[in-house]
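[1] Predicted model, plus sequence, below.
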Amino acid sequence: MVAQRETVVLVHGLYVHGLWMRLLEYWLEEAGYHTVNYSYPTMTRTPAENAEDLHAILERLEAPTVHFLAHSMGGLVVRHLFHYYPKQRPGRVVTLGTPHQGSYAARIMQGCGLVDYFVGRGVEGGLLGDAPAWAPSHQLGSIAGTMNIGLGLLFPGMPEPADGMIAVVETQLPGMTDHICLPVSHMQMLVDPTTITQSCAFFATGRFHHPRRDGKMVD
């Protein structure tokens, strides 16, 4: 168990609502964390605009330690948050399937003239690889999936391995503290308990539990 005063802010991804993060939220609460589940419009506002709204929520939050657990586009929102509002409280950041290097699928849609229709203003400042650089003030751990099942199969040529929507290579970024791959798809991350096990490990230590060659887990 961790001290109840530690808070985890959950930030969902494209097309969905904070309800999609509810199981992860429940598991975090079971682990002893206080949670804030931030829900936002993913297509009608930019990641930077959503980061501004998130900042307003954080200003009203009474917690000395604030971690972030962000899925997909949510990780880009968090990057904008730290870029425009760098004086955040102590804590760590875990991103799940976030396209830190930009999204292959988004670039294909842009080339076909469809990105505005399918992603709207959510494409600005991240999905094409133009998210703000990560500041070294807080540790960031990136989790990638390797089960290639999802809408990404509609975009031939996506780099492998991938989680069905985001390629593993796209989840890496300069300045991250740790990176790990899990055998899950992009959306399966939201319902797989290993996601929370690894996230809590990073919140506590700044490192994921990596498997050894014999299959056992090490810090």
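    Cool, the structure landed. Numbering: from 1, shown residues only.
[2] ok, and what's touching stretch 153-161?
    For stretch 153-161, the surrounding residues in contact (Cβ atoms under 8 Å, 6 or more residues apart in numbering) are 104-105, 108, 146, 148, 152, 164, 167-170, 181. (C-beta placed from N, C-alpha, C; glycine too.)
[3] so the nearest residue to Ser137 once chain neighbours are set aside is in which element?
    Distance criterion Cβ to Cβ, 6 or more residues apart in numbering; nearest residue to Ser137, sequence neighbours excluded, is Pro86 at 6.4 Å. According to DSSP states H and E, Pro86 maps onto no helix or strand at all.
[4] How many neighbouring residues does Pro86 have?
    10 (other Cβ atoms under 10 Å).
[5] if we can go back for a sec, mark which of the contacts of stretch 153-161 are buried, thanks.
    104-105, 108, 146, 148, 152, 164, 167-168, 170, 181 (16 or more other Cβ atoms under 10 Å).
[6] Which two among these are spaced furthest apart?
    Across the buried ones among the contacts of stretch 153-161, no pair lies farther apart than Ile108 and Cys181, at 23.2 Å, counting by Cβ to Cβ.
[7] In helices, which of the contacts of stretch 153-161 appear?
    Residues of the contacts of stretch 153-161 located in helices (DSSP state H): 104-105, 108.
[8] Output those residues as JSON lines; include the columns pLDDT and distance to Arg213.
    Shown next, in JSON lines, are the ones in helices among the contacts of stretch 153-161 (pLDDT from 0 to 100; distance: Cβ to Cβ, whole Å):
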{"residue": "Tyr104", "pLDDT": "91", "distance to Arg213": "31"}
{"residue": "Ala105", "pLDDT": "87", "distance to Arg213": "34"}
{"residue": "Ile108", "pLDDT": "86", "distance to Arg213": "37"}
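[9] I'd like the buried ones among the contacts of stretch 153-161 as JSON lines, with distance to Leu61 appended.
    Below are these laid out as JSON lines (distance: Cβ to Cβ, whole Å):
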{"residue": "Tyr104", "distance to Leu61": "35"}
{"residue": "Ala105", "distance to Leu61": "34"}
{"residue": "Ile108", "distance to Leu61": "38"}
{"residue": "Thr146", "distance to Leu61": "35"}
{"residue": "Asn148", "distance to Leu61": "38"}
{"residue": "Gly152", "distance to Leu61": "35"}
{"residue": "Gly164", "distance to Leu61": "34"}
{"residue": "Ala167", "distance to Leu61": "34"}
{"residue": "Val168", "distance to Leu61": "33"}
{"residue": "Glu170", "distance to Leu61": "31"}
{"residue": "Cys181", "distance to Leu61": "32"}
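[10] among the helices and strands of the protein, which has the poorest mean pLDDT?
    Every helix and strand of the chain was ranked by mean pLDDT, DSSP states H and E. The lowest is strand 217-218, at a mean of 62.
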